[in-house]
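> fold the following.
(2 chains)
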Amino acid sequence: MSNLISPAAVGLTKPLSVIVASGSATVDIETTFDSTYDEYLILASGITTDNGSADLRFRLKIAAAYDTGANYVEQVFGGESDVATLTNVRAAAGTYVDMNCGIQTPSAAAAASASAQFEIRISNPSDTTKKKKVTWRGTFFDKTPALWQVWGTAANTGTGALTGFRFYPSADNIVAGTFRLYGFKKT
Amino acid sequence: MTRYHATVDGNIPFTPEEEAAREAEIVEWNAGEAKRGALRQIVALEAKITSRMHREVILGKTDVNPETGKTAKQDIDAIDAQIAALRAQL
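Residues are numbered from 1 along each chain as shown, chains lettered A, B, ... in the order given. I've put the predicted structure just below:
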């Protein structure tokens, strides 16, 4: 069809950076959050951890340092495939953001075929007047194994420029996973 | 065992300060495992009490659920007892 916009015309055809986790305590995506784009998207897939009870978390690099202070707020929903209602609703403030609302991330040991995938959106990281907000949606099997979907929003209450995104599990390491950062062209 | 940050430039080892902070986080996480498990079970049990069960209790119905062999009130009582036991662990 002639009215389709080609992917090359709108960006997203090539990631700005790719990081492949392998027994990693953290995955730090920094290349490159700047003012080149207004909208950024992280696509993370094939994520496994080596702790069947660990949660996937993240922190933001604000004003040139990963913020470990109590400067995060979040609201997360989650539901599993064998329960027809939302079984996890989490609202919290703390020193990190918990992406899975307290539920288990897949364990390589407990379920070798399980993995997680997420899409995470960040707007205007270089702005220095607004609090930095993040939205995400994802799916994974837990170790039971039940299929989950989670979606949430979080913010760092600081207004410094965001130049990094750090994933890490609440315990042990990220065994595997590919993390790609994309920028949306401004025009 | 050294921990690493996976970056676009390869693995970067934790500093001693980062290692200490990480160890403290994991100790905190592990200490909360029993509580998290109980909370997960409570949420799952709460989800088992349906609108239909509420309605049947309010209307005083004594129909027996073929799956459990109990009336709605008996089912709620049984679930509530399980929740109470889990709350006692918190």
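> check the burial of A:Asp172 by counting its neighbours.
19 (other CB atoms under 10 Å in any protein chain shown). C-betas here are computed from N, CA, C, even on glycine.
> with adjacent residues omitted, what lies nearest to it?
Counting by CB to CB, 6 or more residues apart in numbering or on different chains, A:Asp172 lies nearest to A:Asn51, which is 4.0 Å off, once chain neighbours are set aside.
> what are the boundaries of the strands in chain A?
A:17-24, A:26-29, A:39-49, A:56-62, A:65-66, A:72-80, A:86-94, A:97-98, A:116-123, A:132-141, A:147-156, A:162-169, A:174-184 (DSSP state E).
> ok now stretch A:14-22, how far from the chain's centre?
Computed by CA atoms, centre = their mean, to the nearest Å, the chain-centroid distance of stretch A:14-22 equals 13 Å.
> pull out the buried positions in it.
The neighbour-count check on stretch A:14-22 (16 or more other CB atoms under 10 Å in any protein chain shown) flags A:15-17, A:19, A:21 as buried.
> got a list of contacts for that stretch?
Stretch A:14-22 is contacted from outside by A:27-32, A:43, A:47, A:174-183, B:6-8, using CB atoms under 8 Å, 6 or more residues apart in numbering or on different chains.
> same check, this time on stretch A:64-72
Residues from elsewhere that reach stretch A:64-72 (CB under 8 Å, 6+ apart): A:59-62, A:93-97, A:154-158, A:160, A:163-164, A:166, B:21.
> then stretch B:54-63?
Residues contacting stretch B:54-63 (CB under 8 Å, 6+ apart): B:71-73, B:76.
> just checking, which of those residues belong to strands?
Per DSSP E, the subset of the contacts of stretch B:54-63 in strands is empty.
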